[in-house]
Each structure stands twice: as structure tokens, then as C-alpha cells.
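In: whatever this is, show me its structure:
(chains A and B)
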Amino acid sequence: MNKENENNLEDLLSRLETIVKEMSDETLHLNVALEKYEEGIRLYRICRKILDETALKVELIKKENEMES
Amino acid sequence: MKIKTFKVSELNNYISKTLMSNPILHNVKVEGEIFNFKRTGYGYTFFSLKDEQSKINCIIHEEVSSEFKEGISMLVKGKLNLYEKNGTYSILVDHYTVIGNGQHYHEYMKIKEELEEKGYFDKKYKKPIPLFPKKIGLITSVSGAAVEDVIHVIEKRYPLVCLSIFDIKVQGKDAVENMIEAICYFNETQSCDLIILTRGGGSYDELSVFNDRALAEEIFKSDIPIISAVGHENDYFISDMVADQRAATPSAAAQICVPDIRMLYRQIEDQIKDIQMFFEEKLTSLESDLRYYDRFLSILEPSVQLNYKKHFLQNLYKNLEQSIKKITEEKAKQSDVCFIQLEALSPVRIINRGYASVEKEGKILSTIKDVDLGDVIKTGISDGYFTSKIIEIYDIEDEHV
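Out: Residues are numbered from 1 along each chain as shown, chains lettered A, B, ... in the order given. Alright, predicted model coming up:
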């Protein structure tokens, strides 16, 4: 988790995108598909967290700006 | 003898007649140096001839040649004539011959050449005339015509300037000394930032003090820039050449030395307008830039970017879910098919139809080669097992082994 947190959102999204592409192969072995799915969901959660935190920060900055002006 | 009392006009008339009747005076030849030379617009030329002690006026009833100039020696022929109205006499010249440059001219040329050689007239030594002088030192005679002209023009053009007048004699023996003293005074006191040395028109003789060498040296030495304005348009003196600037007349000097305040006002107004226009344009341009950046910022606003990223992430998530669902479903389908096939191939089903499975020592028998007479074999049918002993063996062709 820590390692992914250090990466930026774009890298994580790119990795998730690759996993989704790989999973579109229907001949994939189930155990491999499961591993990829698990990894995909993990990446999704990290991305989601980063985006939610960023959105919160943006809201705060906006409010500060409105208060100052 | 009784002395007759004349009226002035009678006396002048008598003198006139006497002059006319005198054969010597009726046809004289005189040699001298020309000065006070004046052309008139109506064809007459007036000048004087002089030697070291004396002078006499002359008139020529025609235009004279270009060699006719101030300072040259001339031989004239003509008759004496009295101008009865003024009681003045002059030579009416019939004929003239140029003899050569006169003494005055010779001296003038000598000084001019010497000073020129020393570089006194060089442009590189000319001090610039201040654009906006604060105090002007005016060297002239307060009783002359020039002073009025200069004051009038300066007051009209640039009343901000302070005029300091140094009264001098502008002709005669003290003139040079006076002028030198005045230039020294302004330089020592540093009481002005520009000097005008001037006088109005006069005879060549009167104006010739401006050709003085000592005066030229003083002008050259002056730290304060000097404008020399002597006589009229055509008068040109050494002081004019050595000064930092020459003006044709005293009025011209006044015009040169100060700017026209009305023009300055106009220039300032124009410049203010230019500045205002510049700032208005600048402001408009900046406002337009700001609007552009504001628009740009709203496009690039993080929440917009965030929404885009969120949308992208949701799509990936949806794909991920769809993919795993599809894969598991596919696999389930595959296993179902296998199960059905397996079911179809199951021996149980065959046994149910009345067939049996036979095994010997736990091994399913499929050939008679694996059994011998007397072997105990286990037979499974649909609802149970039984054992039996082999008493006969047949192959498929011979029926009996």
C-alpha cells in the first residue's frame, strides 16, 4: 500500500488500465484472472482515495479563496 | 564790410553753387578704404571712404559689383555735391576702381586666419546651448535697440527665465574692454547658464569691435555657452565665429536661446495625451489577458480535472467488474458443459441400462486374457455386487478357449 501511495495517480490509473485490458482476454486462466482482479480492485481503491482526498483539498482551497475575496 | 545774414537754406545753396563751380571739386579723384557700405532698394549705394584721420561720404547712382565690400581700398572719381536739406556733402561717384584689400580688412583676415588655425571656430569646441536656461546673462548696452528686442522676445517666449543685464559700451574704445569684463564677470560668479553678447545694426566701423582678438579669446575661454548676435543678417564678425552659436540679429538670439512656452505647453499636453492613451491601451490589454487567463483557469480547474479522472476510474472499475464477471461466467459455462459430457459418459448410466462391471482384485476387466479358470471375480450391477468363480472361458470368435 505504501508503495502505491508514493506513486502518482496517473501511474496507478495506467496500471489499472493495463489490468483491465489484460482481463478482456477470455482465455485467461481463472486463477490468473482472480489475481488480476484482486490487484485491480486494490488499485481502484487507492485511486479512489487519492481522488477523494484531492477533491476535499480543492474544496478547501476554493472556500479559502471565496472568504478572502 | 557788412556781413550779410544768410538763412540756412540760402547758405547751403551758396555753398552748393560754390562747390559746383570749383573745377577741382567738380572732378575729384580720391583714394580710401570703404566702410559703412549700404545698398538701398532703389539703386543707390551709400558708403564712406576713410584714411587714418578722416572720412568722406560717397554716393553711387547705380548697383555696384560684388567686389565692392567693407574694408577694401578704392579709387573713386566724381564731383562734390551738397545735400542742401541736411547741409551735408558727399562725392557723387561716376567711376570707381578697386585697389585692393584695405588695412581693416587685412587685419580682420589676419586675426581670422590665426584663430582658425588655433581651432577657435572648431565645432568640437562649441558648447551646447541649454534647452531650458534658468538665467541668461545679457551683455549689451541698455540704451541700445537690441536690449528691448531681446527682452521683448524672451518675455513673450519664455517668461520663466531670469535675465541679468550687464550694461556695456558696444562701440568705441572701451567696448572691447567692457565686453571682456562682462564675460569674466558671468564666468567668475557663475550667475547664468547662457550668455548673449549682442548689439543692433551699425556702421562697419562701429561694429568692428566684435572682430577684436582679445574678445575672441575671452569668448573661447568662457565656460558658459555664448550666443553672439551682432548687427543685421549680413553682418558676420569674428565674435560670431568663435561663439558657441551665432544669431543673425538680437531678436534671433532671443529666439534661439529660449524655447517657446506655448509650444512647450502644447508638447506637454500632447505627451500627457500619449501617456494616457498608452495606459488606457495597456490597461485594456491587461484586462483582456486577465479574462483569458480566468477562462483558462476555469477550464483547468482541479475539480474539472478530478471529475474527469473519477469518470475514467469508474469506467476502469466497471470494465474490471465486467471482465471478472465474464471470465467466471465463461468458466462456469465450460464446467457445466464438461459436467454434462461427464454425466453422459458415466458408467453408472450404462449399468443402469442392464450392463455390469466386472473386476478382479479391484481391477476392471476388459479382456479374457486377464482371467483364468477358477478366478474369483466381482460383478457390479445397478443395485449391488456379487462374486462368482470362472468355470468356463470363451473368446469372441471361438466361443470356447
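In: number of residues surrounding residue B:294?
Out: 10 (other CB atoms under 10 Å in any protein chain shown). Quick note: C-beta positions are derived from backbone N, CA and C, even for glycine.
In: residue contacts, it?
Out: Residues in contact with residue B:294 (CB atoms under 8 Å, 6 or more residues apart in numbering or on different chains): none are found.
In: gap between it and residue B:300?
Out: From residue B:294 across to residue B:300, the span is 11 Å (CB to CB, to the nearest Å).
In: which strand or helix spans the residue in the stretch 301-401 of chain B positioned nearest to chain A?
Out: Nearest residue of the stretch 301-401 of chain B to chain A, counting by CB to the nearest CB: residue B:323, 3.6 Å away. Residue B:323 is located in helix B:302-345, with elements delineated by DSSP states H and E.
In: per-residue pLDDT, residue 20?
Out: Unless you meant another one, I'm taking chain A. We note a pLDDT of 86 for residue A:20 in this prediction.
In: not what I meant, chain B
Out: So residue B:20 comes in at 86 (pLDDT).
In: mind giving me the packing neighbours of whatever helix or strand residue A:66 lives in?
Out: Here residue A:66 sits within helix A:30-68, counting by DSSP H and E. Packing contacts for helix A:30-68, counted by 3 or more CB pairs under 8 Å, 6 or more residues apart in numbering or on different chains; DSSP states H and E, involve helix A:2-6, helix A:9-23, helix B:302-345.
In: just those helices: most buried one?
Out: Of the helices and strands packed on helix A:30-68, the one with the most neighbours on average (mean count of other CB atoms under 10 Å in any protein chain shown) is helix A:9-23, at a mean of 17.
In: can I get the CA coordinates of that helix in PDB?
Out: In PDB, the C-alpha atoms belonging to helix A:9-23 read as follows (Å, rounded to 0.1, in the frame of the first residue of the first chain):
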ATOM      1  CA  LEU A   9      -2.500   8.900  -9.600                       C
ATOM      2  CA  GLU A  10      -1.600   8.700 -13.300                       C
ATOM      3  CA  ASP A  11       0.800   5.700 -12.800                       C
ATOM      4  CA  LEU A  12      -1.800   3.900 -10.800                       C
ATOM      5  CA  LEU A  13      -4.500   4.500 -13.300                       C
ATOM      6  CA  SER A  14      -2.200   3.400 -16.100                       C
ATOM      7  CA  ARG A  15      -1.600   0.100 -14.200                       C
ATOM      8  CA  LEU A  16      -5.300  -0.400 -13.600                       C
ATOM      9  CA  GLU A  17      -6.000   0.300 -17.300                       C
ATOM     10  CA  THR A  18      -3.400  -2.400 -18.200                       C
ATOM     11  CA  ILE A  19      -5.100  -4.900 -15.900                       C
ATOM     12  CA  VAL A  20      -8.500  -4.200 -17.400                       C
ATOM     13  CA  LYS A  21      -7.100  -4.700 -20.900                       C
ATOM     14  CA  GLU A  22      -5.400  -8.000 -19.900                       C
ATOM     15  CA  MET A  23      -8.700  -9.200 -18.300                       C
END
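In: before we move on, back to that, indicate which one of the helices and strands packed on helix A:30-68 is closest to residue B:178.
Out: helix B:302-345 (87.4 Å; CB to CB).
In: and the next helix or strand after that closest one, how far from the chain's centre?
Out: As assigned by DSSP H and E, the chain's next helix or strand after helix B:302-345 is helix B:347-352. In this view, helix B:347-352 has its centroid 114 Å away from the chain centroid, taken as CA atoms, centre = their mean, to the nearest Å.
In: tell me the pLDDT of residue 4.
Out: Looking at chain A here, since you left the chain open. For residue A:4, pLDDT reads 46.
In: my question was about chain B, not that one.
Out: Residue B:4 is given a pLDDT of 82.
In: do you know how far it is from chain A?
Out: Taking CB to the nearest CB, to the nearest Å as the measure, residue B:4 falls 117 Å from chain A.
In: can you tell me the closest non-neighbouring residue to the residue of the stretch 301-401 of chain B closest to chain A?
Out: Leaving aside its chain neighbours, residue B:323 sits nearest to residue A:23 (3.6 Å; criterion: CB to CB, 6 or more residues apart in numbering or on different chains).
In: that'll do, ta.
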